[in-house]
Each structure stands twice: as structure tokens, then as C-alpha cells.
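*Asks:* Got a predicted structure here, sequence first:
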Amino acid sequence: MEQTELRAPRLTAAVRPVTPQQRAATAADNGGEPTLDFGDRVPYDVYTHASTLHRLQQPLSDDPGEMSFLMISQIMELYFGLTRHELIEAQRLLRADLVWDALAPLRRAALHLEGLNAAWQGLRWMTPADFNRFRNLLGEASGFQSAMYRHLEFLLGLRDPALIRPFRRHAEVHDELRATLAAPSLWDDVIALLARRGFDLPAELLTRDVAVEHQPDPRVEAAWVEIYSDSGPDNHLRLLGEALTEIAEQFGDWRWQHVKAVQRTMGAKVGSGGSAGLAWLQRSMARVVFPELWSARTTM
């Protein structure tokens, strides 16, 4: 089953395309000044829906710090979706054996994850006292319940079917998560690519149930050791390995910063979503993205 991206319906209002000649004529008519009068909505808002975005913050308290917590959570959601978009594009290209072309979306994904990590800096002000001023009003709402984060985890190969259960009464979201879980992860596609390139990988590794989390395999590790033995500029598989390593590292950094943010704001308290909070997050860190890329470094 192919993965489908979450897309908003297209609106009837659209940005009207212009040619370079039309832009030059407008600049001449304006004497180099920006256009200030539009017959309809401002084109920038038609394109970005900025006025809609800025109406999506609905704090539950009067505490001024809650807006920071809420908006940064929304920014992270957007980065989850953007990174997912890039990984799906990379999968499409890898399935077509276009390794060089797949490097561009993978590098963009790593940069988006870097931006995601930077978002944590906007919450470094928050102490337990700051969080406690509005935490109770959040009820059971928790980042653990982010469907887009689950899509990202599943795409990166961290797979636990139980984690889609919170969405079972939201049919559309639940079906989309099931589709992502039933389709190969990015790492599954990379392993299939290596097999097509002639590396000695067993059939059972290529035909396994992809809904089950991949377990490290010494033959995949050996393939990466061989790939990295060729440091030539034309070794696109080595460049692929480095692009994937950067993604895994940036994603690992995000998970670790999440742990640190929880330590800073609530210590070892029980999580809002019913988990053990900090202890649950720390255990989850043991699951590694693209594990053979890391273990192969021991024998390189």
C-alpha cells in the first residue's frame, strides 16, 4: 500500500501567476516601490494563509507564557509534516534507483530537523512553576498523541502498532497511520536498494512484515562497511549513508532535547498523557534510527 500525504483541500482563491516581463512592468509603474493596492486579498495571504495560521492559537489560560508553549508546539507539528513530506519524496526516488536525486530531499529533511531542534530554544525559559500555571488545564493532552510525529517515527523505522490506538475513533487519521505502518519505512527502502545493487542480503530480510520494527542485521551492517570502504566522489551510496546519518543524528537530538525539556519543566512527574513521563521518554531513546549505519562504524 502506498503512503499518502496529508493535504488540505485546494481553495478556489489562487495566486495569479505573472511573467518576468509583467513584474518588470509593475516595478516601472511603481517607480521601484512595492505595490500597495490589491483588488482582492493580499496575494501573500492567499498563498501562505497567514491570517488563518495566526487565528489557530487558542490558549486555555490567561498566563502569557502559555502562548509560547502552544505556538512552539504548533511549529513543531509543521516541521514534523514538512520532514515527512521530504522523506516520502526520498522514498519515491530510492524506489526508482535515483540515489543521487534522493540526496536533495534527504538533505532538506536534515535541515528541517535542525529547525525543529532550534524550536526547543523558545521553551528554555519554562520552569516547573511556569508550566504548572497552565498545565492542569491541558487535561490529558500530550505530545505523545501527535499523529504527525507518529508518521515521522514510522517512516524512520521506529514502529509500534499499539501507538496508533489513540486515533481509532478518528477514522481518517487512524487509516492514514495504518497505511504508513503497512508500507515500507525509509530504512526498508534503503535495504531493498542495497539488495538491488548486488549486496548479499537474504530474501527473508526483504520480504518480512514491514509493520514490525526492523531488527539490526549483521549483513546490512557488512554492506555499509563495504560501501564506506570506497571514499571516491562517485560513490553515491556512501553519500546516501551520510545523508541518512545526518537525519538520524538530528532526529536523535530532537528526542534528547525532549527529554531535557521534560526534566527542566516537570522532573519525574507522571506525564499528562498517562505515561511515566521522563522514564518513558528515556526508555524510548534506546530505539535507534538506521541502526546498522551506526554499528558499522565500529568495524570501518
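*Replies:* Yep, that arrived. Numbers count the residues shown, from 1 in each chain.
*Asks:* Let me know the helix or strand that H258 is in.
*Replies:* Assigned by DSSP states H and E, H258 falls within helix 236-266.
*Asks:* pLDDT on that helix, on average?
*Replies:* Averaging pLDDT along helix 236-266 yields 93.
*Asks:* what's that helix packed up against?
*Replies:* In terms of contacts (3 or more CB pairs under 8 Å, 6 or more residues apart in numbering; DSSP states H and E), helix 236-266 is packed against helix 99-119, helix 128-132, helix 186-196, helix 218-228, helix 278-284, helix 291-295. Heads up, the C-betas are built off the backbone N, CA and C, glycines and all.
*Asks:* Does L177 belong to a helix, a strand or coil?
*Replies:* Following DSSP: H, G, I helix; E, B strand; the rest coil, L177 is assigned to helix.
*Asks:* Might one say that it is in contact with E153?
*Replies:* No. Applying CB atoms under 8 Å, one finds L177 not in contact with E153, separated by 10.3 Å.
*Asks:* gap between P128 and W120?
*Replies:* Separation of P128 from W120 (CB to CB, to the nearest Å): 17 Å.
*Asks:* Looking at the two, which is more packed in?
*Replies:* Using other CB atoms under 10 Å as the criterion, P128 and W120 rank with W120 on top: 17 against 13.
*Asks:* tell me the contacts of that one?
*Replies:* 72, 254, 257-258, 260-261 (CB atoms under 8 Å, 6 or more residues apart in numbering).
*Asks:* can you tell me how far it sits from H214?
*Replies:* From W120 to H214 the distance is 28 Å (CB to CB).
*Asks:* try M148
*Replies:* From M148 to H214 the distance is 22 Å (CB to CB).
*Asks:* Now tell me which helix or strand of the protein has the poorest mean pLDDT.
*Replies:* helix 278-284 (a mean of 69; mean pLDDT, DSSP states H and E).
*Asks:* Tell me the confidence at A276?
*Replies:* Listed pLDDT for A276 reads 54.
*Asks:* er, R95 actually
*Replies:* 98.
*Asks:* Give me the neighbour count for it.
*Replies:* R95: 14 surrounding residues under other CB under 10 Å.
*Asks:* who's in contact with it?
*Replies:* Counting by CB under 8 Å, 6+ apart, R95 touches 189, 192.
*Asks:* related to what we said a few turns ago, orientation of the helix holding H258 relative to helix 99-119 in degrees?
*Replies:* Relative orientation of helix 236-266 versus helix 99-119 (axes from the mean of the first three to the mean of the last three CA atoms, to 10 degrees): 10 degrees.
*Asks:* Please consider this matter closed, and thank you.
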